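[1] sequence below, structure please.
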Amino acid sequence: MEPLNKFFNLLKIDIRKRMLTGLLLIIPIYVTFFVVKFLFTFIGGTLSPLIKKIFLLCGAELPRTSIDEFIITFIGLIFTFASLYFIGIFAANVIGKSIINYFENLLTKTPGISTIYSSAKQIVHLISLPGKQAFKRVVILDFPREGTKSIGFVTGGAIKENGNDTYISVFVPTTPNPTTGFLIYIKENSVTDTNLSVEEACKTLFSGGMLTPKHFTVLFKTSSHATPSENNNAS
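    Reported below is the predicted structural model:
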């Protein structure tokens, strides 16, 4: 009886292990499929109503099956990318820039809309920046309390408090969604540089620390990152 129980225990462990392996394999595929499907439907569906009207004007019938809807969405996807391409060409010439500047000025001067438009434009501009410009350095600092270390991104230049202490702006992201977090101003000598790239730091945050690179080390600050007061003290 005991060998039989041992056999079933090993079988349960093996089944659990195989199911977990399959789950870990399927989840990334499912998430990728879901995101691609959402983007395909969202982007392609933007011009779908217009394409249906064009079909009606040409005397064609509206889609009746899911395959017809897929074709309409696919055509809408192609038209959307083509439209973005030609908008980019239009925005690059003098006439296009003048028209865009006119409408931007109109939007920025409209009460209510100006705040939304300016905020959206700043967010898009931040996202479109190359990693080295958007986030200058990956650092480690004491947050949310002393003795607890968090990953932070140095985002901007230094500021002075009453002309004395120099502070730097650091974005401390949350996990597993690093698009939200805390903006703090902290002394330069209170943060420590790391050898992580921005992409490696984001992977670490997305995974909750499970994908932390093996070469992750904390580095001493170089003289190029030292504040003027530190340089004076060193001399």
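
[2] residues near T73, how many?
    20 (other Cβ atoms under 10 Å). From N, CA and C alone the C-beta is placed, and that goes for glycine too.

[3] in which helix or strand would I find it?
    If you go by DSSP states H and E, T73 is part of helix 66-92.

[4] give me the pLDDT for the closest residue to S48 other than its chain neighbours.
    Sequence neighbours aside, G76 is the residue nearest to S48 in space, at 4.6 Å (criterion: Cβ to Cβ, 6 or more residues apart in numbering). Listed pLDDT for G76 reads 82.

[5] go on, T21?
    85.

[6] for it, what are its contacts?
    Neighbour list for T21: empty [criterion: Cβ atoms under 8 Å, 6 or more residues apart in numbering].

[7] and the one helix or strand it maps to with helix 66-92, angle?
    Here T21 sits within helix 2-46, counting by DSSP H and E. Angle of helix 2-46 versus helix 66-92, following axes from the mean of the first three to the mean of the last three Cα atoms, to 10 degrees, is 60 degrees.

[8] helix 2-46: what's the following helix or strand?
    Next element after helix 2-46 (DSSP H and E): helix 48-57.

[9] centroid residue for this structure?
    T179 (6.0 Å; Cα atoms, centre = their mean).

[10] quick check, pLDDT for it.
    At T179, pLDDT is 71.

[11] got it, and the one 10 residues further on?
    On the pLDDT scale, N189 is placed at 83.

[12] likewise for T174?
    Note on T174: pLDDT of 84.

[13] that one: how many residues sit nearby?
    When neighbours are counted by other Cβ under 10 Å, T174 comes out with 12.

[14] I'd say it and T180 touch.
    Yes: between T174 and T180 there is a contact under Cβ atoms under 8 Å: 5.2 Å.

[15] partner strands of the longest strand belonging to the chain, with direction?
    Ranked by residue count and defined by DSSP state E, the top strand of the chain is strand 149-161. Sheet pairing for strand 149-161, assigned by DSSP bridges, gives strand 137-142 (antiparallel), strand 165-173 (antiparallel).
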